[in-house]
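Trainee: I'll drop the sequence and a predicted model, then ask my questions.
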Amino acid sequence: MEIKTIVDFIAEIKKEVFSNHVFDDLTPDGKMATVHSVFIHIAKESRIEDMKREKMYPVRDGATAYTFAKDEPATEKQKTYMSDLGISFKENVTKREAKDLIEAKRNAK
């Protein structure tokens, strides 16, 4: 069966749980609890994927490519801290590069 909507998906999972002999020892309420658990797990996996996507966002120039937030320009706070540590850096240093430069300087001590 091809699943086209969430309603189809719910019906398919419910049908599978209620017809599968693995669940024969469960009461109807227990079977529904199993269906509920399946959906909780699916929702958790979906949230994890959403969180991964939230760490990415479109490039500011409107391009369709995606970039990690760490590839954004370094903050003024990072630049000030690097200057205070005596770190030389290029004008367009990224957050990731700044983090790496700061860590290298701190680990060198």
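Mentor: All right, it came through fine.
Trainee: What are the boundaries of the helices in the chain?
Mentor: 6-19, 28-54, 76-84, 95-108 (DSSP state H).
Trainee: Adding mean neighbour count and mean pLDDT, write those out as a markdown table.
Mentor: Where C-beta positions appear, they are placed from N, C-alpha and C, glycine not excepted. Conversion of the helices of the chain to a markdown table gives the following (neighbours: other CB atoms under 10 Å; pLDDT from 0 to 100):
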| stretch | mean neighbour count | mean pLDDT |
| --- | --- | --- |
| helix 6-19 | 13 | 77 |
| helix 28-54 | 11 | 75 |
| helix 76-84 | 13 | 94 |
| helix 95-108 | 13 | 90 |
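Trainee: contacting residues around stretch 32-49?
Mentor: Contacts to stretch 32-49, defined as CB atoms under 8 Å, 6 or more residues apart in numbering, come from residues 10, 13, 14, 17, 23, 26.
Trainee: got TSV for the residues you listed, with distance to residue 36 too?
Mentor: Output for the contacts of stretch 32-49, formatted as TSV (distance: CB to CB, whole Å):
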residue	distance to residue 36
10	11
13	10
14	10
17	10
23	13
26	12
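Trainee: can I see the domain layout of this structure?
Mentor: Each domain of the chain is listed here as a residue range: 6-54, 66-108, per automatic domain parsing.
Trainee: what's the pLDDT at residue 62?
Mentor: Residue 62 carries a pLDDT score of 48 in this model.
Trainee: what's the answer for residue 87, then?
Mentor: Each residue has a pLDDT score; the one for residue 87 is 94.
Trainee: what about it, distance to residue 107?
Mentor: For residue 87, the distance to residue 107 under the criterion CB to CB, to the nearest Å works out to 13 Å.
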